[in-house]
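S.K.: Could you work out the structure for the sequence below:
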Amino acid sequence: QVQLVESGGGSVQPGGSLRLSCAASGSIFKINAMGWHRQAPEKQRELVAIFTSGGSTNYADSVKGRFTISRDSAKNTVYLQMNSLKPEDTAMYYCNVLLQAGGSLAYGNYWGKGTLVTVSS
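M.R.: Residues are numbered from 1 along each chain as shown. Here you go, the predicted structure:
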């Protein structure tokens, strides 16, 4: 079984910063892609930033230049540094991992429970 544990959400004023973390644990053979999505109230879930299976990074246009995704492969952990936060960044942020499980090598797509980010003055 695989678990994703997210941390780092909270409340911040516009222009502030937060850093999210997501650690994957359990029976993992290989992580193929790892990143963050978000869902604001009454909106669809959207991609924020991701490390693709090829190792490149993709960002939503709305966060380019403000958010930075990074990872520690040895710890199966991905981070999202969020700077210059805006009220429209307010959302539940979800970690998402595509991986191959240990043993079976079966592919699985896993989601964290989410961490809330609120940007408000």
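S.K.: Could you pull up phi and psi at residue 63?
M.R.: Main-chain dihedrals, residue 63, degrees, to the nearest 10: phi -120, psi 0.
S.K.: ok, the residue nearest the centre of the chain - contacts?
M.R.: Centroid-nearest residue in the chain, with CA atoms, centre = their mean: residue 36, separated by 2.5 Å. Residue 36 makes contacts with 20, 22, 47-50, 69, 78, 80, 93-96, as judged by CB atoms under 8 Å, 6 or more residues apart in numbering. Glycine gets a C-beta too; all of them are placed from N, C-alpha and C.
S.K.: Of these, just the buried ones, ChimeraX syntax please.
M.R.: In ChimeraX, this line selects whichever of these come out buried by 16 or more other CB atoms under 10 Å:
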select :20,22,48,49,50,69,78,80,93,94,95,96
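S.K.: Give me the subset of the contacts of residue 36 lying in helices.
M.R.: Per DSSP state H, helices hold no members of these.
S.K.: Now for residue 108: which residues touch it?
M.R.: Taking CB under 8 Å, 6+ apart, we find residue 108 in contact with 2, 98, 99, 100, 101.
S.K.: Check residue 78 too.
M.R.: 21, 22, 34, 35, 36, 51, 69, 70, 71, 95, 97.
S.K.: what's the distance between the fourth one and residue 13?
M.R.: This points to residue 35. Distance from residue 35 to residue 13, counting by CB to CB, to the nearest Å: 26 Å.
S.K.: what about the residue lying closest to residue 52 once chain neighbours are set aside, neighbour count?
M.R.: Leaving aside its chain neighbours, residue 52 sits nearest to residue 33 (5.5 Å; criterion: CB to CB, 6 or more residues apart in numbering). Using other CB atoms under 10 Å, residue 33 has 17 neighbouring residues.
S.K.: Equivalent analysis for residue 72, please.
M.R.: Residue 72: 11 neighbours (other CB under 10 Å).
S.K.: Lovely, talk soon.
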